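how would this look folded up:
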Amino acid sequence: MIAKFCSAKAKPKVMANYLLNSRVEDHTAQCLYGDKDIWLNKMKQFKANHPYLSFVYSFSDSDSKKLTTEIERNVIQQFIDIYCPSIESKYLNILAVKHIDKGNSEIHILLSNMRYDSNKMVRFSPSHKGVYLKKLQLLQKRINNQYSFENPNDIRQTNTIIDTFKMLRTNKERLTCLTNLIEEKVANNEIGSRDEIIKYLNQLGFNVNRIGKNYISIKNAEMRVSARLKGVFYSKDSINEMIRYRHNLKPSKTDSDFSLDDEKELAKIVDKHAQKLQQSFLKYQNSTKALNKQNDIQRQKSIDVKNIKINSRKKNNGKFSNAINKISRAIKSLARFAKHHFNQSDANKQTKYTDRRIARAKSETTKLLARFFNTQPAAYSTTTEIIFVKVETKKMNNIPR
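Numbers count the residues shown, from 1 in each chain. Now for the predicted structure:
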């Protein structure tokens, strides 16, 4: 079994529809974990350049026959435990789909890069390349050892080398992989000449385009251009070179088993990742509490200011509203007096002029009174009366008409 991350450049809707398309009706695709509609509805609310991770378990033909419902659930849960430590499953958005349309079984896992207890984007895969690769290798190694699946490092399997080629992007990596494959075959005395190498490459699906003095040019569907395998194994004297190579070999120690040290190293990496996720969540909680506290303070301040304004307005009205009413009544009396003591034609003109002056005087007087009563104690403002207005009004009423 090979565990790997795939490109997640497609939009979430496109990716989900690709995994669960017409193959569901053909019974070659099955949803093992989560729900497509729920996963898509949650992804609609998440706007990011890389909103999800795409992970794949690729099983060989023999491994696919060993798969059971319990094993499938367990390998999915191991992925969640290792890549989403310290986070409850209800705060994750995961969709897992099984495909069998290619002959072998594959389990695709789509993981949203958001934890829904904070609605914040998180990094579920380690950012450091070395840790990222080590964590992936240890997860793969543990599952293979647990269920006796084929080890992908055992490159004698035809389907394994094809799956490995799909993961590699450059010809240099592919050539290195093939070179290691052929060296192991030579070391195990399974290949003894250049002709046997060519025959084996054809079995793997490679086309041999050209045979040179000390190289072989090959190509397959995963390669855009041809690549050359160079070295003494590909020369005319390949038989003697392979014998000499096996004679000089030293016994090597295999590391196919998942040891206790591997378990400790994986646990250390997972714990470190869990601490980072927990620190990020605590930072979010603290910032949320501080923001809520600040909002409460601002809300309380706005309520206090509003109450102060209302109380101030009521207090000021109690201080000088009576005085303003008295001034208004005196002004109206002056207007009536002017109309009765002038000719009607002149009175209209004089009244308009007087009204403008009176309005201006009223505005200025109101401002002065407000300023005055605001500087005086409350008791003084309630007992003071506008005596001069009364006096002037009485004098005007006593003038003979």
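
contacts and neighbour counts: CA atoms only from here.
Noted.

tell me which residue lies nearest the centroid of this structure.
Closest to where the C-alpha atoms of the chain average out (C-alpha atoms, centre = their mean) is Met121, at 2.7 Å.

give the contact list for it.
For Met121, the contact set (C-alpha atoms under 8 Å, 6 or more residues apart in numbering) comprises Asn113, Met114, Arg115.

now do the same contact list for the first one.
With contacts defined as C-alpha under 8 Å, 6+ apart, the neighbours of Asn113 are His50, Pro51, Tyr52, Leu53, Met121, Val122, Arg123, Phe124.

which residue sits closest to it, ignoring its sequence neighbours?
Tyr52 (5.0 Å; C-alpha to C-alpha, 6 or more residues apart in numbering).

pLDDT score for the one you found?
On pLDDT, Tyr52 comes in at 87.

again, but for His99
91.

tell me the contacts of it?
His99 neighbours (C-alpha under 8 Å, 6+ apart): Thr28, Ala29, Gln30, Ser105, Glu106, Ile107, His108.

just the ones in strands from those residues, please.
Mapping these onto strands (DSSP state E) picks out Ala29, Gln30, Glu106, Ile107, His108.

let me know how buried the second one is, in neighbour terms.
Number of residues near Gln30 (other C-alpha atoms under 10 Å) recorded here: 18.

what do you get for the one 3 residues further on?
Neighbour count of Tyr33, defined by other C-alpha under 10 Å: 16.

in this structure, which spans are helices?
12-19, 36-44, 61-66, 69-83, 129-147, 158-167, 171-187, 194-203, 238-247, 260-340, 344-374, 378-383, 387-397 (DSSP state H).

so which elements touch the fifth one?
Helix 129-147 sits against strand 2-6, helix 69-83, helix 260-340, with contacts defined as 3 or more C-alpha pairs under 8 Å, 6 or more residues apart in numbering; DSSP states H and E.

mean pLDDT lowest where, among those?
What stands lowest among these, in mean pLDDT terms, is helix 260-340, with a mean of 68.

who's in contact with Val186?
Neighbour list for Val186: Gly192, Met242, Arg246 [criterion: C-alpha under 8 Å, 6+ apart].

isn't the second one up against Ser193?
By that I understand Met242. Yes - with contacts counted by C-alpha atoms under 8 Å, Met242 reaches Ser193, the gap being 7.4 Å.

identify the contacts common to the two.
Joint contacts of Met242 and Ser193 (C-alpha under 8 Å, 6+ apart) are Phe233.

you'd agree Ala29 is up against Asn17?
No - the pair Ala29 and Asn17 fails to qualify as a contact (C-alpha under 8 Å) at a distance of 11.4 Å.

these two - which one has more neighbours?
Shown here are Ala29 and Asn17; by other C-alpha under 10 Å, Ala29 has more neighbours (21 against 12).

who's in contact with that one?
Taking C-alpha under 8 Å, 6+ apart as the definition, contacts of Ala29 comprise Leu19, Leu20, Arg23, Val97, Lys98, His99, Ile100, Asp101.

same question for stretch 41-49, mean pLDDT?
Rounded mean pLDDT across stretch 41-49 is 83.

for stretch 212-230, same thing?
82.

spatially nearest residue to Asp101 (excluding sequence neighbours)?
Thr28 (5.2 Å).

how far away is that neighbour from Ile76?
19 Å (C-alpha to C-alpha, to the nearest Å).

on that earlier part again, so which of the contacts of Met121 are in strands?
Those of those lying in strands (DSSP E): Met114, Arg115.

reformat the contacts of Met121 as TSV; add pLDDT and distance to Asn220.
Formatted as TSV, those follow (pLDDT from 0 to 100; distance: C-alpha to C-alpha, whole Å):
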residue	pLDDT	distance to Asn220
Asn113	85	36
Met114	84	39
Arg115	81	42
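
specify which member of the contacts of Met121 is nearest to Asp257.
Nearest to Asp257 among the contacts of Met121, counting by C-alpha to C-alpha, is Asn113 at 32.3 Å.

give me phi/psi at the closest one?
phi -80, psi 40 (degrees, to the nearest 10).

can you name the residues bridging to Val56?
Lys4, His108 (DSSP bridges).

need the contact list for it.
Contacts of Val56 by C-alpha under 8 Å, 6+ apart are Ala3, Lys4, Phe5, Cys6, Glu106, Ile107, His108, Ile109.

contact partners for the fourth one?
Okay, so that is Cys6. By C-alpha under 8 Å, 6+ apart, the neighbours of Cys6 are Leu53, Ser54, Phe55, Val56.

pretty sure the residue nearest to Asp101 is touching Asn104, no?
No - when contacts are counted by C-alpha under 8 Å, Thr28 is not listed as touching Asn104 (10.6 Å).
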